[in-house]
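Q: what follows is a predicted protein model with its sequence.
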Amino acid sequence: MDAVWRNNSLYTCATLVPGSGSDAGQATAHWWQINTSNISSLTLSDQGDIGGEDIATGTYTFFPSIAVDQHDNIAIGFSASAATIHPGAYYTGRLSTDPSGTVQSSGTLAAGVDYYIRTFGSGRNRWGDYTATVIDPTDENTFWVFNEYAITRGNPTTGGEDGQWGTRWGRFKLQPQGVNPGDIIITEIMQNPAAVSDANGEWFEIYNTTNSAIDIDGWTIRDDGTDSHTINNSGPLTVPAKGFLVLGIDSNSATNGNYTANYQYSGFTLDNGADEVVLEDLTGTVIDSVDYDGGVSFPNPTGASMALKVFTSDNNVGSNWTTSTSREPTFSGTSGDLGSPGTLGSDQALPVTLASFSLSAGDGEVTLQWATESETDNLGFKVFRA
């Protein structure tokens, strides 16, 4: 498809030849987003080229198709060729939060394996009857794309032209740029509640170690067995910068042990003995995982959570975890299971990193001023005379 209307915007794409800029004078796939909220006064919201220079120098991009998900994220499949590459099938996209006019790095669906010439007597090298990019209706996060690529040349036609193309299809997900393993970490696990059943009271907590919010909608929670759940929040599920998010098997505080779950999952359980908690991003990259062992080196509590003691430590080492000893205020009520869902517990510590420090002296006084990135309960410093 080369045009999609969704969420009061028309998204479309075509091949053009820019008159200026880095792609001037060469065929270039281009996309537009048009605001249709006021049908009598359409406005251009955004647009951009797909230059393909990350594929090869001097790349021509053409024959694009476009799809849009529920969050206004765009996926585009396209063909590309250059002096150093044979015609192939590629894809790219952009999140609605990406910088205006940009797309993410190109992905390869199928690289061309031979040169291609087929004019069919028209005087122009003819390419393209079959291409499409569509959203998967089952999860609204996966894009499917198919396109053509040059395969090994075959039997010549009249004029000796022997170019052949094949069709390749595949799927991909868009990923917020710059999310790396360790940006989100697992910091607390309630695998065996006592106040309520496991089917209601299991949960785990994650923490964003970065200075930017991270949307985990579309990510996957799984173990190393058959348990798996793809997060579908019908909108962004954001972990605040330097903040927490709690994912639980039951989001009803009246039945889950009186805590607030930011998201309710299904198809995933926390074994009371050994199990794994694996968090994968949209591309299938493991951002964090914890393999707890049922008491060999990890804690194995009942009626209390396992808590990571220091957030800069390796959370896949059992000795870096402890059993929660307090029922923190993020639980309502004074009795029940112990833990600190969604907050820093009394058994845990964030690393203290100075964000600023200044000293001034005068009138027989020395004044120290400081701020930290994460700790808020700063009692002060001990100052020693050297």
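A: Received it, and whenever you're ready, just let me know what you need.
Q: please enumerate the helices of the protein.
A: Counting by DSSP state H, the segments of the chain that form helices are 198-201.
Q: output the below-cut-off pLDDT ranges for it.
A: Low-confidence segments of the chain (pLDDT under 70): 1, 158, 177-178, 351-356, 370-386.
Q: distance of the residue lying closest to G339 once chain neighbours are set aside from I184?
A: In this structure, G339 finds its nearest non-sequential neighbour in S305, 3.5 Å apart by C-beta to C-beta, 6 or more residues apart in numbering. (Glycine included, C-beta is placed from N, CA and C.) Per C-beta to C-beta, to the nearest Å, S305 is found 18 Å from I184.
Q: tell me which of the two has more neighbours.
A: Taking neighbours as other C-beta atoms under 10 Å, S305 and I184 compare with S305 leading, 28 against 22.
Q: that one against L338, yeah?
A: Yes: S305 lies in contact with L338 (C-beta atoms under 8 Å); the separation is 6.8 Å.
Q: intersection of neighbour lists for those two?
A: T323, S324 (C-beta atoms under 8 Å, 6 or more residues apart in numbering).
Q: buried set for stretch 116-136?
A: Y116, R118, W127, T131, T133, V134, I135 (16 or more other C-beta atoms under 10 Å).
Q: the strands in the stretch 1-150 of the chain, which residues?
A: Secondary structure of the stretch 1-150 of the chain by DSSP state E, counting those that start in this stretch: the strands cover 3-6, 9-16, 28-35, 43-50, 60-68, 74-82, 85-94, 107-110, 132-135, 143-151.
Q: report the buried residues of the first one.
A: Going by neighbour count (16+ other C-beta under 10 Å), the buried part of strand 3-6 is V4.
Q: mind listing what that strand pairs with, with the direction of each?
A: strand 9-16 (antiparallel) (DSSP bridges).
Q: show me the contacts for T142.
A: Per C-beta under 8 Å, 6+ apart, neighbours of T142: I135, D136, R171, F172, K173.
Q: wait, doesn't the fourth one sit right on Y91?
A: Spelled out, it's F172. Yes: shown here, F172 and Y91 form a contact pair, counting by C-beta under 8 Å, at 6.1 Å.
Q: list residues touching both of those two?
A: With C-beta under 8 Å, 6+ apart as the test, F172 and Y91 both reach A75, G107, F143, V145.
Q: any chance of those residues in JSON lines, plus neighbour count?
A: JSON lines is the format used below for these (neighbours: other C-beta atoms under 10 Å):
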{"residue": "A75", "neighbour count": "26"}
{"residue": "G107", "neighbour count": "17"}
{"residue": "F143", "neighbour count": "24"}
{"residue": "V145", "neighbour count": "25"}
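Q: and which of these is nearest S22?
A: The closest of the shared contacts of F172 and Y91 to S22 turns out to be G107 (C-beta to C-beta; 20.4 Å).
Q: which non-adjacent residue is nearest the closest one?
A: Leaving aside its chain neighbours, G107 sits nearest to Y91 (5.0 Å; criterion: C-beta to C-beta, 6+ apart).
Q: for the one you found, name its beta-bridge partners.
A: The partner list for Y91 in beta bridges (DSSP bridges) reads G77, G107.
Q: quick one: it and Q104 touch, right?
A: No: Y91 is not in contact with Q104 according to C-beta under 8 Å; the separation is 9.7 Å.
Q: more neighbours, those two?
A: When Y91 and Q104 are compared for neighbours, Y91 comes out ahead with 25 against 18, by other C-beta under 10 Å.
Q: list the contacts of the more buried one.
A: Taking C-beta under 8 Å, 6+ apart as the test, what Y91 contacts is A75, I76, G77, F78, S106, G107, L109, T133, F143, V145, F172.
Q: and of those, the nearest to Q26?
A: Distances from Q26 to these, taken by C-beta to C-beta, are shortest for F78, at 13.6 Å.
Q: and for the residue nearest to I249 when sequence neighbours are not counted, the neighbour number?
A: Nearest non-adjacent residue to I249, counting by C-beta to C-beta, 6+ apart: E202, 4.6 Å away. As a burial measure, E202 scores 25 neighbours (other C-beta under 10 Å).
Q: ok, P329 next?
A: 8.
Q: nearest residue to it in space, please, no chain neighbours.
A: Distances taken as C-beta to C-beta, 6+ apart place T343 nearest to P329, at 7.5 Å, with adjacent residues excluded.
Q: could you do A199 as well?
A: I249 (6.6 Å).
Q: got JSON lines for the contacts of T142, with distance to P329 too?
A: Formatted as JSON lines, these follow (distance: C-beta to C-beta, whole Å):
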{"residue": "I135", "distance to P329": "42"}
{"residue": "D136", "distance to P329": "41"}
{"residue": "R171", "distance to P329": "44"}
{"residue": "F172", "distance to P329": "43"}
{"residue": "K173", "distance to P329": "37"}
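Q: for those, which one is nearest D98?
A: K173 (14.4 Å).
Q: so what's the closest one closest to, chain neighbours aside?
A: Nearest to K173 is L282, by C-beta to C-beta, 6+ apart, at 3.7 Å.
Q: can you count the residues close to the one you found?
A: Counted with other C-beta under 10 Å, the neighbours of L282 add up to 23.
Q: isn't it right up against R171?
A: No: with contact defined as C-beta under 8 Å, L282 does not count as touching R171 (11.2 Å).
Q: which residue is nearest the centroid of this protein?
A: Q175 (3.9 Å; C-alpha atoms, centre = their mean).
Q: right, and that residue touches G284 too?
A: No: counting by C-beta under 8 Å, Q175 does not reach G284; the two are 9.6 Å apart.
Q: the residue nearest to G107 and D114, how far apart?
A: 21 Å.
Q: and if you look at H229?
A: Taken as C-beta to C-beta, the span from H229 to D114 is 43 Å.
Q: N200 too?
A: Counting by C-beta to C-beta - N200 and D114 are separated by 60 Å.
Q: farthest-separated two in the buried residues of stretch 116-136?
A: So, the buried residues of stretch 116-136 by C-beta to C-beta: farthest apart are R118 and I135, at 31.8 Å.
Q: thanks again, I'm all set now.
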